[in-house]
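[1] please work out how this folds:
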Amino acid sequence: MSLSTPTANAVTTEGNGELLKVRNLRKYFPIRGGIFSRVVANVKAVEDVSFEIGRGEVVGLVGESGSGKTTAGRAILRLIEPTSGEILFEGTDIAKLPKSQLREYRKEMQIIFQDPFASLNPRMTVGDIIGEALQIHNLARGKAREERVADLLEKTGLAAGHMRRYPHEFSGGQRQRIGIARALAVDPQFIVADEPVSALDVSIQAQVVNLLQDLKEELGLTLLFIAHDLGVVEYISNRVIVMYLGKIMEVAPAKELYANPVHPYTEALLSAVPIPDPTLDRERIILEGDIPSPINPPSGCVFRTRCPIAIEDCRHIDPPLEEVGPGHLKACIRRP
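    Have a look, this model is predicted:
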């Protein structure tokens, strides 16, 4: 898998200020039971998450399945309603906006879905799928709409003539390119890429990641790149956020994180990344057990039940994110 490396991998922002600031974001899914369907418990999918994304920056959001990555991304876009917290987009808290006012922000914030098969309407042509948002936001109609769709298809590596076809006529990689074109249709400033390559063959993953990198450079996009494959995240991200059971464990510039991880969970994730050199030997850190239930997460540090260096204090102390270097933060009481 050949990937092109970003030129500013260790930069925390692109110098143009913050575009998005998330503060104390929570998302709970209620569990109801009994005759009156009362809330008997909550699935704490995202718990007190805070971070910023600068203009033109690509931030990778990584973690195991069930860590809350996708939920966080969708809550930021209000595809699902956050339970509490602030989502400041260009200084406006969109978490508190009524739906009538939220519509204008939809144009600025888009998503690329994980599944290129389920995310495209099989009864619509590619042209209608990509052009639908142009009509909804009154950006282009008729010939102008068709020209815009043709331009987007060519920009994402497809042909203008593909707009007459239906999704089932394309491969997985081509469908994901259609999904990318749809996200770009309204000229957004910010895109959540929700595991955009995880459903694709390895040979196609590199093509899609390189496409996103090229589009980021050409259009000045800001991306939240959600993935569980740290090998892919390394190449496209400026910074990386590591999540576990709804909480942030570590944040660092990408090169710094891969060279000097300070949280034991990050170390375990990185030890699982394959090395394309059989002569190199690396110790594999095996985490015991499964990720706990978000209905009843562990007390103190949520990672303590699987942590190889946990002590008794970890049971009682919920570690805050603390800075250990420039732009490098960790949530662990045992690591300096």
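[2] buried stuff in stretch 104-114?
    By 16 or more other C-beta atoms under 10 Å, the buried positions in stretch 104-114 come out as 105-114. No exception for glycine: its C-beta is placed from N, CA and C like everyone else's.
[3] mind putting those into a markdown table with pLDDT and distance to residue 90?
    Output for those, formatted as a markdown table (pLDDT from 0 to 100; distance: C-beta to C-beta, whole Å):
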| residue | pLDDT | distance to residue 90 |
| --- | --- | --- |
| 105 | 89 | 9 |
| 106 | 89 | 14 |
| 107 | 91 | 13 |
| 108 | 93 | 8 |
| 109 | 95 | 10 |
| 110 | 95 | 15 |
| 111 | 96 | 18 |
| 112 | 95 | 21 |
| 113 | 94 | 24 |
| 114 | 90 | 27 |
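[4] beta partners for the spatially most central residue of the chain?
    The residue lying closest to the centre of the chain (C-alpha atoms, centre = their mean) is residue 226, at 2.6 Å. Going by DSSP bridges, residue 226 is paired in beta bridges with residue 61, residue 194.
[5] make sure residue 163 is indeed in a helix.
    Yes: under DSSP: H, G, I helix; E, B strand; the rest coil, residue 163 sits within a helix.
[6] host element of the residue nearest to it when sequence neighbours are not counted?
    In this structure, residue 163 finds its nearest non-sequential neighbour in residue 127, 3.3 Å apart by C-beta to C-beta, 6 or more residues apart in numbering. Assigned by DSSP states H and E, residue 127 belongs to helix 126-136.
[7] circling back to that earlier point, look up how far residue 74 lies from the residue nearest to the centre of the chain.
    To residue 74, residue 226 is 10 Å away according to C-beta to C-beta, to the nearest Å.
[8] between those two, which contacts overlap?
    Between them, residue 226 and residue 74 share these contacting residues under C-beta atoms under 8 Å, 6 or more residues apart in numbering: 192, 194.
[9] all helices for the stretch 201-336 of the chain, in order.
    202-219, 230-236, 254-259, 264-271 (DSSP state H, counting those that start in this stretch).
[10] other SSEs contacting the second one?
    What that stands for is helix 230-236. When contacts are defined as 3 or more C-beta pairs under 8 Å, 6 or more residues apart in numbering; DSSP states H and E, helix 230-236 packs onto strand 58-62, helix 202-219, strand 222-227, strand 239-244, helix 254-259.
[11] mind listing residues that contact that helix?
    Under C-beta under 8 Å, 6+ apart, the answer for helix 230-236 is 3-6, 58, 60, 62, 197, 205, 209, 212-213, 216, 223, 225, 227, 240, 254, 258, 269-270, 272-274.
[12] which of those residues count as buried?
    3, 6, 58, 60, 62, 197, 205, 209, 212-213, 216, 223, 225, 227, 240, 254, 258, 269-270.
[13] poorly predicted segments of the protein, please.
    1-16, 276-282 (pLDDT under 70).
[14] and with 80 instead?
    Residues of the chain that meet the criterion pLDDT under 80 lie in 1-16, 199, 273-284, 286, 335-336.
[15] which stretch of helix or strand covers the residue of it most remote from its centre?
    In the chain, counting by C-alpha atoms, centre = their mean, residue 35 sits farthest out from the average C-alpha position, at 38.4 Å. Per DSSP H and E: residue 35 is located in neither a helix nor a strand.
[16] quick check: it vs residue 158, distance?
    54 Å.
[17] how about residue 184?
    12 Å.
[18] same question for residue 316.
    55 Å.
[19] more neighbours, those two?
    Higher neighbour count among residue 316 and residue 158: residue 158, with 20 against 11, using other C-beta atoms under 10 Å.
[20] am I right that that one is in contact with residue 178?
    Yes: counting by C-beta atoms under 8 Å, residue 158 touches residue 178, with 7.2 Å between them.
[21] can you tell me the closest non-neighbouring residue to residue 170?
    residue 178 (6.8 Å).
[22] any idea which element the one you found lies in?
    helix 172-184.
[23] tell me the angle of that helix relative to helix 126-136?
    For helix 172-184 against helix 126-136, the angle by axes from the mean of the first three to the mean of the last three C-alpha atoms, to 10 degrees is 10 degrees.
[24] assign residue 44 to helix, strand or coil.
    Under three-state DSSP, residue 44 comes out as strand.
[25] I'd assumed residue 295 was in contact with it.
    Yes: in this structure, residue 44 is within contact of residue 295 by C-beta under 8 Å, at 7.4 Å.
[26] neighbour count for the two, which is higher?
    Neighbour count, other C-beta under 10 Å: between residue 44 and residue 295, residue 44 has more, with 22 against 13.
[27] any idea how far the residue nearest to residue 163 lies from residue 113?
    19 Å.
[28] endpoint to endpoint, stretch 154-170 covers what distance?
    15 Å (C-alpha to C-alpha, to the nearest Å).
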